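Asker: Just the structure for this:
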Amino acid sequence: MVLIEAEPTTKQDFMLVLSRYGPIEQRIHNELLGRGFRVGVLNTMESEVRRYPGKAVLFLDDVFEALVISNLFDETLNPYAAYALAINRALLFRELNNLGYPTPDLNVALNPNVVGRVISGIGKTYMATPVASLGLDGVVTTWEGGKSVAEHRIYMANPLARINMLMKAPSKIINAQVIGNNCMGCGNLETWVLKLSRSIKCLVCTYIIGIYDSEPVILGVDPRVELTANVVEPMVNAIMRWYNDEW
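Answerer: Model (predicted):
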């Protein structure tokens, strides 16, 4: 049995801030304890989060929650800037462009009629929102279809869903997960993706990659990965290297 304290009485090396303390989270916690780290655990389903003068690893379901809570700690595994890029594709593309990475030609349309007109000009279109983690990205092939999607999004509760981000559809879409030095689903793009992850400091991240004429282009980032038994070892190693300032 592991005791979870919202406000540990002994100094911790860092905190794990969680949406839940499930079996995989427990395994990661126990592995870190077994390697000599003093790790506090804060389960947000059971306790509030306060300003904490130290480091934290955030395993939160919601990117917006992580964006806010990252500011309560001196340092987080994925920093605040990575969460900011993840909730604003326009900012992400500008940052990538400044770093020398290719970016798609982006059109932002707020009105369904404008969406239809833009898609008429582009043709087959990758239709997204500012936030990849909303799970609303998709390819539309006709302006009528895109307009219909935009009309439906008007009635969605999340206002970000109503911001349509339109770009030419890639020939292929790849979802790659980076955990420290491990790149899962990257194929022959591993070196490129790992370099990019260091550039934007999203060290535990899912990257949505579009292939245009054999060239990889980042379409979005989600600073979360699925926590499964297969990621326990790479996750623990990534946390250790981050803590020891080895990145």
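Asker: From now on I want contacts and neighbour counts done on CA atoms only, so please keep to that.
Answerer: Fine.
Asker: in the protein, which spans are strands?
Answerer: Along the chain, the stretches classed as strands by DSSP state E are 14-18, 39-43, 52-59, 73-76, 107-109, 125-128, 138-140, 164-168, 172-179, 182-184, 204-212, 215-222.
Asker: Nearest to Val231 among those would be which one?
Answerer: Each of the strands of the chain was scored for nearness to Val231 using CA to CA, and the closest is strand 172-179 (8.0 Å).
Asker: Run the angle between the closest one and strand 204-212 for me.
Answerer: Here strand 172-179 runs at an angle of 160 degrees relative to strand 204-212 (axes from the mean of the first three to the mean of the last three CA atoms, to 10 degrees).
Asker: mind listing what's buried in strand 172-179?
Answerer: The neighbour-count criterion (16 or more other CA atoms under 10 Å) identifies 173-174, 176-179 as the buried residues of strand 172-179.
Asker: Please name the strands paired to it in the sheet, noting orientation.
Answerer: strand 182-184 (antiparallel), strand 204-212 (antiparallel) (DSSP bridges).
Asker: so which of these is the most packed in?
Answerer: With neighbours defined as mean count of other CA atoms under 10 Å, those peak in mean count at strand 204-212, which reaches a mean of 21.
Asker: How about residues contacting that strand?
Answerer: The set of residues that contact strand 204-212 without belonging to it, under CA atoms under 8 Å, 6 or more residues apart in numbering, is 77-78, 169-180, 197, 216-225.
Asker: can you check stretch 35-51 too?
Answerer: Residues outside stretch 35-51 that contact it (CA under 8 Å, 6+ apart) are 4-6, 8, 11-21, 29, 32-33, 69, 72-73.
Asker: Which of those residues are buried, as a ChimeraX select command?
Answerer: Selecting only the buried members of the contacts of stretch 35-51 in ChimeraX, with burial defined as 16+ other CA under 10 Å, works like this:
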select :6,14,15,16,17,18,19,20,21,29,32,69,72,73
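Asker: Grab the nearest non-local neighbour of Ile69.
Answerer: Leaving out its chain neighbours, the residue that sits closest to Ile69 by CA to CA, 6 or more residues apart in numbering is Val49, at 7.5 Å.
Asker: mind checking how far Gly135 is from Val221?
Answerer: According to CA to CA, to the nearest Å, Gly135 and Val221 sit 11 Å apart.
Asker: What of Asn158?
Answerer: Between Asn158 and Val221 the distance is 19 Å, computed by CA to CA.
Asker: Comparing these two, which residue is more hemmed in?
Answerer: Taking neighbours as other CA atoms under 10 Å, Asn158 and Val221 compare with Val221 leading, 27 against 11.
Asker: Leaving out chain neighbours, which residue sits closest to the more buried one?
Answerer: Nearest non-adjacent residue to Val221, counting by CA to CA, 6+ apart: Tyr207, 4.7 Å away.
Asker: For that neighbour, give the beta-bridge partners.
Answerer: With beta bridges defined as DSSP bridges, Tyr207 has these partners: Ala176, Val221.
Asker: Next: Val140.
Answerer: Judged by DSSP bridges, the bridge partners of Val140 are Thr125.
Asker: got the contact list for it?
Answerer: Going by CA under 8 Å, 6+ apart, Val140 touches 124-127, 146.
Asker: go with 10 Å
Answerer: Residues near Val140 by CA atoms under 10 Å, 6 or more residues apart in numbering: 119, 123-127, 146-147, 149, 166, 168-169.
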